[in-house]
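Engineer: please find the sequence and the predicted model below.
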Amino acid sequence: MNTEFRVWDINGRMMYYPDLISISRDGTISINNTLNFRPHECVLQKSTSHRDYNRDYKGHVIFEGDIVKQKINGKLFVVKFGIIKREVMSYYEKIEVEIEGFYYENLHTKFPALLITKNKYGNHDKETVEIVGNIFEDNFNEYEITF
């Protein structure tokens, strides 16, 4: 399985969906062997491999940096990849664990929510969100970019 990426050109303010990305030893990022960026000139965003629920028959692939809207309650979330901490109950006590992966961060409260594979309605969270934009191309100025 190939991992899919997209690239945000910070200076050109353009999103690219390349077929090929390579990174040289000096850190230069090349997309489709035609455009080259220094690491501070672009943002690589990894695909979650999930599709949103309501765009067309197939849905659109959800990437880091996408803004998704939850169908059930209308809340907005930013898709991120990283480590979040949660308290869980072991046999004898509560312990804090670190979980790495994709998560949804509430656009306004900044609370990180893990993707639920089966919610109380019997759906995976990926089936209950629609992409409404991303933090680079759309007017979500109140959101502070923290990649």
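Structural biologist: Yep, it's here. Values in this document were obtained by computation on a predicted structure and should not be read as measured data. Numbering: from 1, shown residues only.
Engineer: which ones are touching the residue nearest to the spatial centre of the chain?
Structural biologist: Among the residues of the chain, the one closest to the centroid is residue 64, at 2.0 Å (CA atoms, centre = their mean). Listed by CB atoms under 8 Å, 6 or more residues apart in numbering, the contact set of residue 64 reads 45-46, 48, 79-81, 102, 147. (Glycine included, C-beta is placed from N, CA and C.)
Engineer: quick one: which of those residues sit in strands?
Structural biologist: 45-46, 48, 79-81, 102 (DSSP state E).
Engineer: ok so, going back, what's the separation between the residue nearest to the centre of the chain and residue 45?
Structural biologist: Separation of residue 64 from residue 45 (CB to CB, to the nearest Å) stands at 4 Å.
Engineer: can you check residue 79 too?
Structural biologist: Residue 79 is 9 Å from residue 45, by CB to CB.
Engineer: overlap in contacts of these two?
Structural biologist: With CB under 8 Å, 6+ apart as the test, residue 79 and residue 45 both reach 63-65.
Engineer: closest one to residue 11 out of those, please.
Structural biologist: Checking these against residue 11 with CB to CB, the nearest one is residue 65 at 17.1 Å.
Engineer: shouldn't that closest one be in contact with residue 81?
Structural biologist: No. Here residue 65 does not reach residue 81: they are 9.6 Å apart, not a contact under CB atoms under 8 Å.
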